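Q: My questions are about this predicted structure, shown below with the sequence.
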Amino acid sequence: DAGITQSPRYKITETGRQVTLMCHQTWSHSYMFWYRQDLGHGLRLIYYSAAADITDKGEVPDGYVVSRSKTENFPLTLESATRSQTSVYFCATTPGQRFSGANVLTFGAGSRLTVL
Amino acid sequence: LAKTTQPISMDSYEGQEVNITCSHNNIATNDYITWYQQFPSQGPRFIIQGYKTKVTNEVASLFIPADRKSSTLSLPRVSLSDTAVYYCLVGDINAGKSTFGDGTTLTVKP
């Protein structure tokens, strides 16, 4: 199916464990993003990627690692999960190019992560 | 980061027109203004985008004054299904220079 998919949709883990959230898109869009959304708040950018092997930090990158070996995949890893990383994580993509103020985000369905 | 300011919440009744205003004083020359809608347990989805004056699509209208320091999303004749959080976004997303605020929670009552 075309689109953007995230997995797992729900994950419960324990403090200190490593967790990887997956994001896959079928459009071959250049740009991909990871956001987190805490209860009752807006989305905050964690990391983004302009292309395979190119990633940049967003507003709240600490505690997260990303990679992008293939255009269609953009995994987000929490190397040692903490309770403060309990959140809903959204992956998104845009088809546009840099320096365009008209890019529009398309989001995945989200991954709800609980760290005990 | 291009920051925006919106009312935290708004209430309306079915059939009414709803206007949500967003302030973006530091908008750059190349920035467009984009609005998103988010339902519970879903990712935000695109509603409308504009650069100046007025834009209308099948869902909403967007009004942007000449100085572009604010914008107003207009939802005509809202229904219960329009209950959601609405975000306005400015800035170059692909440069990481755009940020979501806390949005406006619109509650439509019967």
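A: It's in.

Q: all strands for the chain, in order.
A: Just so you know, I chose chain A. With DSSP state E as the criterion, chain A has strands at A:4-7, A:10-13, A:19-25, A:31-37, A:43-51, A:54-57, A:64-66, A:76-78, A:87-94, A:106-107, A:111-115.

Q: nope, chain B
A: Under DSSP E, chain B gives strands at B:9-13, B:18-23, B:33-38, B:45-50, B:53-56, B:61-64, B:70-75, B:84-90, B:104-109.

Q: Now tabulate those in a markdown table and tack on distance to chain A, mean neighbour count and mean pLDDT.
A: C-beta here means a position set from N, CA and C on the backbone, and glycine is covered the same way. As requested, these are exported to a markdown table (distance: least, C-beta to the nearest C-beta, whole Å; neighbours: other C-beta atoms under 10 Å in any protein chain shown; pLDDT from 0 to 100):
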| stretch | distance to chain A | mean neighbour count | mean pLDDT |
| --- | --- | --- | --- |
| strand B:9-13 | 11 | 14 | 97 |
| strand B:18-23 | 12 | 18 | 96 |
| strand B:33-38 | 6 | 23 | 95 |
| strand B:45-50 | 5 | 18 | 95 |
| strand B:53-56 | 12 | 13 | 94 |
| strand B:61-64 | 13 | 19 | 97 |
| strand B:70-75 | 13 | 21 | 96 |
| strand B:84-90 | 6 | 24 | 94 |
| strand B:104-109 | 9 | 17 | 97 |
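
Q: Would you tell me which of those gets closest to A:His29?
A: Nearest to A:His29 among these is strand B:45-50 (14.1 Å), distances taken as C-beta to C-beta.
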